[in-house]
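**Student:** Sequence first, predicted coordinates after that:
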Amino acid sequence: MRRGTERETGRGKGERARPFPARLAGVLRRIIGAPDYESYLEHCRAAGHPPRLSEPDYVAQFFEAKGKGVRCC
């Protein structure tokens, strides 16, 4: 079965709407494993529900899911 492209499935539209520096920052965050709250907000908009987490809550949950607590060092 053939998979649809981003254009056919409608995915990635929000990503293209963001300016290049914001997209680059998102890619770099994914590479180094940092949380990307803007992507979370975009996901919530696309799914049609309001965000359930504030940015500090999102970051804390992100690191807890990775098995690391939030810490500076």
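**Tutor:** The structure has been received and is ready for your questions.
**Student:** Check what pLDDT residue 58 gets.
**Tutor:** Note for residue 58: predicted pLDDT of 90.
**Student:** If you average the pLDDT over the lengthiest helix in the chain, what comes out?
**Tutor:** Under DSSP state H, the helix in the chain containing the largest number of residues is helix 20-32. Confidence for helix 20-32, expressed as mean pLDDT, is 86.
**Student:** Show me what it is packed against.
**Tutor:** Where contact means 3 or more CB pairs under 8 Å, 6 or more residues apart in numbering; DSSP states H and E, helix 20-32 is packed against helix 37-47. (Glycine included, C-beta is placed from N, CA and C.)
**Student:** 10 Å instead?
**Tutor:** Under the contact definition 3 or more CB pairs under 10 Å, 6 or more residues apart in numbering; DSSP states H and E, helix 20-32 sits against helix 13-17, helix 37-47.
**Student:** just the ones you listed: most buried one?
**Tutor:** helix 37-47 (a mean of 14; mean count of other CB atoms under 10 Å).
**Student:** Show me what secondary structure element comes after it.
**Tutor:** helix 55-65 (DSSP states H and E).
**Student:** now the angle between helix 37-47 and that following helix, please.
**Tutor:** 100 degrees (axes from the mean of the first three to the mean of the last three CA atoms, to 10 degrees).
**Student:** Now do the buried residues in helix 55-65.
**Tutor:** 58-59, 62-63 (16 or more other CB atoms under 10 Å).
**Student:** Only the C-alpha atoms, please, for it, written as CSV.
**Tutor:** Provided in CSV are the C-alpha atoms of helix 55-65 (Å, rounded to 0.1, in the frame of the first residue of the first chain):
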residue,chain,number,x,y,z
GLU,A,55,5.1,25.5,29.0
PRO,A,56,6.7,24.7,32.4
ASP,A,57,4.4,21.7,32.8
TYR,A,58,5.1,20.5,29.3
VAL,A,59,8.9,20.8,29.9
ALA,A,60,8.7,18.9,33.2
GLN,A,61,6.5,16.2,31.7
PHE,A,62,8.9,15.9,28.7
PHE,A,63,11.9,15.3,30.9
GLU,A,64,10.0,12.9,33.2
ALA,A,65,9.0,10.8,30.2
